[in-house]
Structure formats: structure tokens, C-alpha cells
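Student: Sharing a model that was predicted from the sequence below.
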Amino acid sequence: MSKPNDSYINIVKLCVGIDSVEHLQDWRAQKAAEALVRKAPYVSSHTTRMWPKREAELLNGGSLYWVIKGVIQIRQKILRFDEVIGGDGIRRCKIVMDSQLIRTHGAIRRPFQGWRYLKADESPPDLPQGRKPAEVLPLAMQQDLANLGVL
């Protein structure tokens, strides 16, 4: 995790339409390539309708934890929040994140809408740095172990 204290909070969000960490990596690479063609900088972000009420805590070291196929598997450090006004005139929040995808230990999450706050001490720990993707347990095994309370 980012910091060993609870002076920050995280967000957990479903990664809709993404089947695996590799799929998310590929999707992000495609978006970066499209930005390069347009000669525009690529910014890793997610736009949502709600502005977080706990913005200061999120910006004090928080991350967005992505739920992929029912399991938290990855996180991205939150850098800032940008205001975006849609074509419909509605104010939205663009969560701008570090482009690095940090793998975490699996943590089962039931489907939910929107996003939820996730306390620092309740967030799944990062996998050891340098751990190769092939060393990550298969998703089905992560889910079984989480159901048993092992993960």
C-alpha cells in the first residue's frame, strides 16, 4: 500500500468490460497509442458522475482499487481530480491516476454501483514488487481462497 497509516483513504470501483489484468493493460496501451496518433498526452483516468466528499484524504496517498471479475486485483495511485462538464452540461469528476498498474492480493467484492471508499487498513496489500504475472494465482483459485478466508 502507499502509506503505513490511515491518513488517507482509497476508492474501490468495478472495472466494467475488462476480463483480466492483461486485458486492462492492453486497453490502456491502446488508449495511449490513440493519444500518440492524435499527438495528445495520454492520461490514465476514469470519469464518474459523483465528486468524492473525502477528496483531501484520497489525495493524501489514496489509490483506486479495480475489481475485475469480482476480485480486487490491481490498483492505481490517485493523482488529482479534474472537473469535466459533459455535453449535457452536467459536472463530472475525472479521477486522474498514475499510469502504473500495481497488482494486489485478491479480495472478493460483490457487484455494486458507482464506487465505494476503502479504508487503508482494509485494502488488500500489494503483491511483492517484481513478482512476475505468471506467479499470480489463477483467478478461480484466488476466489476459492478468498471464500475460505485465506486471501
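Tutor: On my side now, so go ahead.
Student: The biggest strand by length in the chain: which residues count as buried?
Tutor: Longest strand of the chain, by residue count under DSSP state E: strand 71-85. For strand 71-85, the neighbour count (16 or more other CB atoms under 10 Å) marks Val71, Ile72, Gln73, Ile74, Arg75, Gln76, Lys77, Ile78, Phe81 as buried. Using the backbone N, CA and C atoms, a C-beta is placed for each residue, glycine as well.
Student: Following element in sequence after that strand, please.
Tutor: Moving toward the C-terminus from strand 71-85, the next helix or strand (DSSP states H and E) is strand 91-97.
Student: May I have the strands that pair with that following strand, each with its orientation?
Tutor: In its sheet, strand 91-97 lies beside strand 44-48 (antiparallel), strand 71-85 (antiparallel), with partners assigned from DSSP bridges.
Student: how about the nearest residue to Ser44 once chain neighbours are set aside, secondary structure?
Tutor: Nearest-residue entry for Ser44: Ser99, 4.4 Å, with adjacent residues in sequence omitted and distances by CB to CB, 6 or more residues apart in numbering. Reduced to three states with DSSP: H, G, I helix; E, B strand; the rest coil, the structure at Ser99 is coil.
Student: What of His23?
Tutor: Under three-state DSSP, the three-state class of His23 is helix.
Student: Relative to Gln73, how far out is it?
Tutor: Between His23 and Gln73 the computed distance is 11 Å (CB to CB, to the nearest Å).
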